[in-house]
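> Sequence unavailable; structure follows:
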Ligand SMILES: NC(=O)c1ccc[n+]([C@@H]2O[C@H](COP(=O)([O-])OP(=O)(O)OC[C@H]3O[C@@H](n4cnc5c(N)ncnc54)[C@H](OP(=O)(O)O)[C@@H]3O)[C@@H](O)[C@H]2O)c1
């Protein structure tokens, strides 16, 4: 028998319990022995006692799990950095395998955890921390293991993807759709971490660790959120042949240089990532042998997340049966430099609000010419008799160059405001 200790019994914890009940005999057959939840640690057991057949499984003392010699797998589903960091550290020290869905704690402490797991001969698995139910971690660790991963492009925040989809489809503005997403449970009451791109940045650093064996922290990953994306931008993007998605990107450049960033991006409508709508997630991977591949599925919700967690539990159980563990592939991180944003190359979309008077377009074009930047596409629309709107797509330029032209445009007397600027998806 394999005994599990569950720390946390919220959305995800309850679905782990449900799935292990519903599919328990199938799962036990797959691993060749019974798998049971021995204890569940929470802070307020009274909230949960009517949700389980045996309320005596509930405890408020996490040490009932961490110090139980018969529990071999600890599943952490409380979220946040503290006290999850302490619980995971103690579990690994006590030679227990750990499964977690916690992107923040894994992103911040992955090097420490992988080393501890290795030293103690156990595994730490975190499939559910990125992409919910999509098995992207296992795909990168095992499925694409023959490849040098050249790049990944991920829509890995369901809340922002839902908001962008609804702004466009329902022709509503950001705040209205955010409220709707909160009412439906697709966005947190405090959505800052999702909207600002921070959640995707945590996940981006985890993907970089698995794909490139690079230990990065979120403060090294430039992240920009979707707060400034408007219905106008989404409509112009469609007119120009693009969709807008919040994209987490990782690229391995020559030798030890990497590009890691999270930002809204214009993606060509014929690219598979452009067809990822609503709360769905997808990760598009470029490997040197497999070529291009994409995994897509539900990136959040108790059931898909619990599905990913149980897949980790099953994987660890195979290891226990075979007496093999500590199979983390990321123990040997490589040294690498993250390329500064200013040096990265991209095409840019710009929307400028200008005075509706003769010669404006010429003045705007001149700012680009002075920076030796070519324009790929330009649209001018009249908003009213005094105001016109110009939308531009540049050729590929260095970010620093773009900042210079953006500043020059802002200072132009015919320019009322640079309303928005968005990078274009660029493959390697
Ligand atoms: N929900 C999703 O769709 C989703 C998707 C992907 C990943 N995740 C990740 O999965 C994890 C869990 O998410 P969730 O949505 O299930 O959270 P949740 O609904 O807020 O549940 C958290 C649970 O943890 C318990 N808890 C919190 N602090 C604790 C502590 N110090 N000691 C013991 N128990 C504690 C809470 O118990 P009390 O009620 O007694 O405080 C509650 O049962 C997070 O890391 C999250 O980022 C969630």
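Now that the structure is in, tell me what you want to look at. Keep in mind that this is a model prediction, so the values were computed, not measured.
> biggest helix in the chain by residues?
Once the chain is assigned using DSSP state H, the helix that runs over the most residues is helix 302-322.
> What is that one packed up against?
Other helices and strands packing on helix 302-322, by 3 or more CB pairs under 8 Å, 6 or more residues apart in numbering; DSSP states H and E, are strand 2-7, helix 11-22, helix 24-31, strand 71-76, strand 97-100, strand 124-125. For every residue, glycine as well, the C-beta is placed using N, CA and C.
> How far does the following helix or strand past the fifth one sit from its chain's centre?
When you say that, I think you mean strand 97-100. Using DSSP states H and E, the helix or strand that follows strand 97-100 in sequence is helix 103-120. Here the centre of helix 103-120 is set off from its chain's centre by 18 Å, with CA atoms, centre = their mean, to the nearest Å.
> Next, the angle from helix 103-120 to strand 71-76.
Here helix 103-120 runs at an angle of 160 degrees relative to strand 71-76 (axes from the mean of the first three to the mean of the last three CA atoms, to 10 degrees).
> Remind me which helix or strand the closest residue to residue 187 other than its chain neighbours belongs to.
Distances taken as CB to CB, 6 or more residues apart in numbering place residue 181 nearest to residue 187, at 3.8 Å, with adjacent residues excluded. Assessed by DSSP H and E, residue 181 sits inside helix 174-183.
> right, is that helix up against the ligand?
No: residues of helix 174-183 contacting the ligand under CB under 6 Å from any ligand atom: none, with a closest distance of 13.2 Å.
> just checking, what packs against the one helix or strand residue 87 maps to?
Assigned by DSSP H and E, residue 87 belongs to helix 84-93. On a contact count with 3+ CB pairs under 8 Å, 6+ apart, helix 84-93 meets helix 63-66, strand 71-76, strand 97-100, helix 103-120.
> I would like the residues contacting the longest helix of the chain, please.
If you take CB atoms under 8 Å, 6 or more residues apart in numbering as the criterion, helix 302-322 is touched by 2, 4, 11-12, 14-16, 18-20, 27, 30-33, 35, 72-73, 75, 77, 97, 99, 101, 123, 125-128, 131-135, 138, 297-298, 325, 327.
> just how off-centre is that helix within its chain?
Counting by CA atoms, centre = their mean, helix 302-322 is centred 21 Å from the centre of its parent chain.
> by how many degrees do it and strand 2-7 diverge?
Computed by the same axes, to 10 degrees, the angle separating helix 302-322 from strand 2-7 equals 140 degrees.
> buried set for helix 302-322?
302-313, 315-317, 319-320 (16 or more other CB atoms under 10 Å).
> can you tell me how far residue 389 sits from residue 224?
Distance from residue 389 to residue 224, counting by CB to CB, to the nearest Å: 22 Å.
> now swap in residue 56 and tell me
Residue 56 is 49 Å from residue 224, by CB to CB.
> So between these two, which is more surrounded?
Per other CB atoms under 10 Å, whichever of residue 56 and residue 224 has more neighbours is residue 224, with 19 against 9.
> Please tell me I have it right and that one contacts residue 262.
Yes: Residue 224 is within contact range of residue 262, at 6.9 Å (criterion: CB atoms under 8 Å).
> So for the two, which residues contact both of them?
residue 197.
> which residue packs closest to the residue in the stretch 1-150 of the chain positioned nearest to the ligand, ignoring adjacent ones?
In the stretch 1-150 of the chain, no residue comes nearer to the ligand than residue 10, which is 1.8 Å away by CB to the nearest ligand atom. Computed as CB to CB, 6+ apart, the closest residue to residue 10 that is not its neighbour in sequence is residue 77, at 6.9 Å.
> what does residue 337 give?
Closest to residue 337 by CB to CB, 6+ apart is residue 257, at 5.3 Å.
> neighbours of residue 407, just the number please.
Residue 407 has 12 neighbours, counted by other CB under 10 Å.
> so how far is the ligand from it?
38 Å (CB to the nearest ligand atom, to the nearest Å).
> Output the contacting helices and strands for the helix or strand where that residue lies.
Element membership for residue 407, per DSSP H and E: helix 399-410. Packed against helix 399-410 by the contact rule (3+ CB pairs under 8 Å, 6+ apart) you find strand 345-346, strand 348-355, helix 360-370, strand 415-424.
> right, and these - which one's nearest residue 116?
Closest to residue 116 of the helices and strands packed on helix 399-410 is strand 415-424 (CB to CB; 37.7 Å).
> before we move on, back to that, using a markdown table, please lay out the helices and strands packed on helix 302-322 together with mean neighbour count.
Listed next are these as a markdown table, based on neighbours: other CB atoms under 10 Å:
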| stretch | mean neighbour count |
| --- | --- |
| strand 2-7 | 24 |
| helix 11-22 | 19 |
| helix 24-31 | 13 |
| strand 71-76 | 25 |
| strand 97-100 | 28 |
| strand 124-125 | 27 |
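> I'd like the ones you listed as JSON lines, with mean pLDDT appended.
Listed next are these as JSON lines, based on pLDDT from 0 to 100:
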{"stretch": "strand 2-7", "mean pLDDT": "98"}
{"stretch": "helix 11-22", "mean pLDDT": "97"}
{"stretch": "helix 24-31", "mean pLDDT": "94"}
{"stretch": "strand 71-76", "mean pLDDT": "98"}
{"stretch": "strand 97-100", "mean pLDDT": "98"}
{"stretch": "strand 124-125", "mean pLDDT": "96"}
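> Residue numbers of the protein in contact with the ligand?
7-13, 41-44, 47, 62, 77-79, 83, 101-102, 128, 132, 300-302, 305.
> Among these, the buried ones, what's the PyMOL command?
Only the buried entries of the residues of the chain next to the ligand go into this PyMOL selection, using 16+ other CB under 10 Å:
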select buried, resi 7+8+9+12+13+41+42+62+77+78+101+102+128+132+300+301+302+305
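> Domains in the chain, by residue range?
Using automatic domain parsing, the domain parsing of the chain gives 2-132+302-322, 136-300, 344-424.
> Out of these, flag the one nearest residue 335.
Shortest distance between residue 335 and the domains of the chain, using CB to CB, is found for domain 136-300: 6.1 Å.
> Show me how far the closest one is from its chain's centre.
With CA atoms, centre = their mean as the basis, domain 136-300 stands 6 Å off its chain's centre.
> what's the answer for stretch 301-319, then?
When C-alpha coordinates are averaged (CA atoms, centre = their mean), stretch 301-319 and its chain have centres 19 Å apart.
> and residue 21, what is it in contact with?
Contacts of residue 21 (CB under 8 Å, 6+ apart): none.
> Give the buried residues for stretch 353-372.
Within stretch 353-372, the residues that count as buried by 16+ other CB under 10 Å are 354, 360, 363-364, 367-368, 371.
> Hmm, residue 412 and residue 418 touching each other?
No: taking CB under 8 Å as the definition, residue 418 is not a contact partner of residue 412, at 9.5 Å.
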